[in-house]
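S.K.: sequence and predicted structure are below.
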Amino acid sequence: MKDFASLLLLLSAFLCGAELQTQAQQAAAPAPSSPASTSTPWWKNAVIYEIYPRSFQDSNGDGIGDLNGITSRLDYLQKLGVDAIWLTPIYPSPQVDFGYDISNYEAIDAQYGTMADFDRLVAEARKRNIGIIMDLVLNHTSDKDPWFEQSASSRTNPKADWYMWRDPKMVDGQRQPPNNWISDFGGSAWQWDPARRQYYYHEFYVQQPDLNWSNPQVRQAMFDVARFWIHRGAAGFRLDAITSLFEDPQDRDEPYVLGPDGQPRIDAYGDKEVTNIYTDNLPEEHDVLRELRQASEAAGAHRVVLIGETYLRSINDLRKMYGANNDELQLPMDMQVGFINRFDVALFRQRIDEAETGLDGDEPLFVFDNHDNPRWDRYQKDAAGAPAFGYGPHHDDIGRVIATVLFASHDTAMMYYGDEIGMVTTPPARKADVRDPIGIKGWPKEKGRDGERTPMQWNAGPDAGFSSAGVNTWLPIPASYKTSNVAAEERDPESMLHWYRQLIALKKNDPALHEGEEIMLNTADDHVFSWLRKTANGEAVIVACNFTAQPQTVSFDLSAQGVSRTGLKTLMKTPGAPEPHSIASVELGPYGVYIGQVR
Ligand code: NOJ
C-alpha cells in the first residue's frame, strides 16, 4: 500500500541536497507562538478547524473540493488563527458514507488528489504553523476494503476473524440475526453474508463492517496505519466512533428505551430505540487507546495529538478517556457543552465548570458543530422552541455568543468550516435532492447531514468561489452566498469573520484568555452567562454573554475571586453596545457580549 511516487519525491529531494527531515521531524506538529511556557503542548488552548474536504475548495472544477483547494486557502486559515486542520477522511473510498467507508488506509482518494498533493499540503501548512490532523476510522472499514473481502471469502482465511462474524439465531426454523442490535443508520446492525453463511455486524451502513478489535492482528494493522501517517507529517488523529470499538462478548440484547407509554420508543428510521449499553463505551476500549498512544508517541516524538469523537453521558465518562495515568487521549471531544442546544445559562455554567474542575487539570476540547450536526444557527428557535435554521433576526448576535463561549473559555476550541462567516444549515427541500443516505432512508423525519455540508461561501462570484463546476457542485450552493461570504465579510469590520479573528487573536495573545483559570460569576443569574479568566499573575478578564433576546445589565463584584480592581478596558463587545465604566454596570443588548480586562 506504500506510495512509490512519494518515496521517489523524497529520494530526489535528498539527492538534490535538500534537507531531508528525520521521521520525528516530519511528524512535528506546528509550534504556534504561545505566550505560555514552551513546554506547553502545541494543542493546549489551540484552535482546531474542521474541514469537510468535499466542500471547502474545488481546484479542478469537478464540483468536489480537494487537497490542492485546501492548500490554496492556507493563508486565509493562517490569518484566521487556526493551529491545526482536521480533515475528514480523504482516503480511497466507495464514498457510501462520504469517506467514512475506507477501502485503503494508506493512500489518497483520486477525487481529492494525490499523495504528492497531500505532502505539499502538509509542508505548506507547516510553513504557516498549521498542523494536519487526519481522521482515523478504526471501528470499521468499507466492505470494499481488501481486508473485508478476504475476511468474507471463507471461514478459514487468515483474516477470517478480523470482523464481527456471528452464526444466525434459529427461531422456529427461521434464520434470525444474533440479537436486537440496531445500526445507528437504521435497521438491524447484522447483515447476512451468503458466502460465509454468517452475519456480520455493522454499527453504521451495511457497507461499513465493524472490525474485531479483540484480534491483536487488527490492532497491529491499524497502529501501522497510524505510524504511516505520522511519518508523512500528520500532527494527530481524530478518532472516529472511538467509543464503539467493542461490543458485548455475550451478544446480549440491548434493553429498549421506553417512552411515556412504557413501550419502546421508535426512532426516525422506524426502529425500536435501544440503550447501547452493550455496544458503546465498553471498558476494553481503554487498552486500545493506551496502545495507540504509545505507538503514536513512539512514532511522533510526543507531538501527535489524539482527539476522540466522544459523545458521552457525563463528565466522569469523559474524564476516563484521558486515561487513568494520562496515557490515552489528549483531547476527547467534550460534547456536553456545545450540544446543550439551547441557551440555558445554568446548564452552560454547570457543564463548563465541570470541564474546568472535573477533568483533573486535563484540557477540554469544546465543539459546537461538525459535519454530522446542524450548524450553530440551530441555537435560533421558533415559537415552539424548535431550531430555526437560517438568518433570523438575531443570527449574528447569537453567533457572537457561541463564538465567545467557544474561544473565551479555558479550552482547546474546535470549529467547523464556515462557522466564522455564519454559514447556516441548509437542508435539502426535497427528498430527491438528498445525498446523504441516512436522509434518504429517514426522510422526512431525518433529512440527513447535507444541510451542514454545503460548499464554503468564499465570494459572490460564480459557485461562490468554491468551484467552477456550475450547477454540478456535489451539493448545491446555498443562495445566501451572494451576501454571506468571506469577501463581503472581509470588507465589514463588524462581520462575524472579524469577530472570530479578534476572538482567536485574544485567545492566543491575552494571557488571561489564553491560559487563565475559568471561574463562574453571578451564579444565580439565569439570563446572563458570565465568567472570569484569571492567571496566577493576577491578569483578569471578565466575559458576559446575554443568553436572552431582552437587554440586560450586569454587575460584578470580584472580591471573592481575589480581584480588588473595578476598572475595565474593553477588549471586545457587540457592535453598538455602550462602553462600561466599571465592573459595577455592564449593559448588554439582546444576545449581547462583553469582554473586558479588569484593571
Ligand atoms: C462519525 C462520523 O463523523 C460520521 O460522519 C460517520 O458517518 C460515522 N462516524 C461513521 O463513520
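M.R.: Received the coordinates, thanks. Numbering: from 1, shown residues only.
S.K.: isn't Asn104 up against Pro89?
M.R.: No - using C-beta atoms under 8 Å, Asn104 is not in contact with Pro89; the gap is 11.1 Å. All C-beta atoms are positioned from the backbone trio N, CA, C, and that covers glycine.
S.K.: so the two - more neighbours on which side?
M.R.: Shown here are Asn104 and Pro89; by other C-beta atoms under 10 Å, Pro89 has more neighbours (23 against 17).
S.K.: quick one, what contacts the residue nearest to Gly63 when sequence neighbours are not counted?
M.R.: Nearest residue to Gly63 in three dimensions, chain neighbours excluded: Ala469, at 3.5 Å (C-beta to C-beta, 6 or more residues apart in numbering). Taking C-beta atoms under 8 Å, 6 or more residues apart in numbering, we find Ala469 in contact with Asp58, Gly61, Asp62, Gly63, Asp463.
S.K.: what's the most distant pair in those residues?
M.R.: Asp62 and Asp463 (11.8 Å; C-beta to C-beta).
S.K.: quick one: which of those two has more around it?
M.R.: Asp463 (21 against 15).
S.K.: show the model's pLDDT score for that one.
M.R.: At Asp463, the model reports a pLDDT of 97.
S.K.: from what I can see it touches Gln457, true?
M.R.: No - shown here, Asp463 and Gln457 do not form a contact pair, counting by C-beta under 8 Å, at 9.9 Å.
S.K.: need the overlap of contacts for these two.
M.R.: Ile477.
S.K.: on that earlier part again, mind putting the contacts of Ala469 in JSON lines, secondary structure and distance to Pro364 included?
M.R.: Output for the contacts of Ala469, formatted as JSON lines (DSSP: H, G, I helix; E, B strand; the rest coil; distance: C-beta to C-beta, whole Å):
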{"residue": "Asp58", "secondary structure": "coil", "distance to Pro364": "35"}
{"residue": "Gly61", "secondary structure": "coil", "distance to Pro364": "41"}
{"residue": "Asp62", "secondary structure": "coil", "distance to Pro364": "39"}
{"residue": "Gly63", "secondary structure": "coil", "distance to Pro364": "38"}
{"residue": "Asp463", "secondary structure": "helix", "distance to Pro364": "38"}
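S.K.: domain ranges for the protein?
M.R.: 47-141+215-496, 146-201, 517-598 (automatic domain parsing).
S.K.: who wins for proximity to the ligand among those?
M.R.: domain 47-141+215-496 (3.4 Å; C-beta to the nearest ligand atom).
S.K.: can the closest one be found next to the ligand?
M.R.: Yes - using C-beta under 6 Å from any ligand atom, we find that domain 47-141+215-496 touches the ligand at Asp97, Tyr100, Val137, Asp240, Ala241, Glu309, His371, Asp372.
S.K.: residues near the nearest residue to Asp109 once chain neighbours are set aside, how many?
M.R.: Residue nearest to Asp109 in three dimensions, not counting chain neighbours: Pro92, with 4.7 Å by C-beta to C-beta, 6+ apart. Neighbouring residues of Pro92 were enumerated by other C-beta under 10 Å; the total is 22.
S.K.: got it, and Asp224?
M.R.: 14.
S.K.: buried set for whatever helix or strand it lives in?
M.R.: Using DSSP states H and E, Asp224 falls within helix 216-231. The neighbour-count check on helix 216-231 (16 or more other C-beta atoms under 10 Å) flags Val218, Arg219, Met222, Phe223, Val225, Ala226, Arg227, Phe228, Trp229, Ile230 as buried.
S.K.: pretty sure Ala110 is in a helix, no?
M.R.: No - using DSSP: H, G, I helix; E, B strand; the rest coil, the assignment for Ala110 is coil, not a helix.
S.K.: for it, give me its contacts.
M.R.: Pro92.
S.K.: so Tyr163 makes contact with Ser151?
M.R.: Yes - judged on C-beta under 8 Å, Tyr163 makes contact with Ser151 at a distance of 4.9 Å.
S.K.: any shared contact partners between those two?
M.R.: Each of Pro209 lies in contact with both Tyr163 and Ser151 under the rule C-beta under 8 Å, 6+ apart.
S.K.: quick one, what contacts Lys320?
M.R.: Contacts of Lys320 (C-beta under 8 Å, 6+ apart): His286.
S.K.: what's the helix or strand for the spatially most central residue of the chain?
M.R.: Centroid-nearest residue in the chain: Asn370, 5.3 Å away (criterion: C-alpha atoms, centre = their mean). Under the criterion DSSP H and E, no helix or strand holds Asn370.
S.K.: out of the residues of domain 47-141+215-496 next to the ligand, grab the one that's most surrounded.
M.R.: Of the residues of domain 47-141+215-496 next to the ligand, with other C-beta under 10 Å as the count, Val137 tops at 30 neighbours.
S.K.: pLDDT wise, what is it at?
M.R.: pLDDT for Val137: 98.
S.K.: Tyr100 versus the closest residue to it other than its chain neighbours, what's the distance?
M.R.: Distance criterion C-beta to C-beta, 6+ apart; nearest residue to Val137, sequence neighbours excluded, is Asp240 at 4.3 Å. Relative to Tyr100, Asp240 is positioned 6 Å away (C-beta to C-beta, to the nearest Å).
S.K.: and for those two, which residues touch both?
M.R.: Common neighbours of Asp240 and Tyr100 (C-beta under 8 Å, 6+ apart) are Pro89, Asp135, Val137.
S.K.: and those residues, which of them are in strands?
M.R.: Asp135, Val137 (DSSP state E).
S.K.: could you dump the shared contacts of Asp240 and Tyr100 to a markdown table with distance to Leu329?
M.R.: Below are the shared contacts of Asp240 and Tyr100 laid out as a markdown table (distance: C-beta to C-beta, whole Å):
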| residue | distance to Leu329 |
| --- | --- |
| Pro89 | 19 |
| Asp135 | 15 |
| Val137 | 16 |
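S.K.: give the buried residues for whatever helix or strand Ile440 lives in.
M.R.: In this assignment (DSSP H and E), Ile440 forms part of helix 437-442. Using 16+ other C-beta under 10 Å as the test for burial, helix 437-442 gives Pro437, Ile438, Gly439, Lys441, Gly442.
S.K.: just stretch 267-274 next, same as before
M.R.: For stretch 267-274, using 16+ other C-beta under 10 Å, the buried residues are Asp267, Ala268, Tyr269, Asp271, Glu273, Val274.
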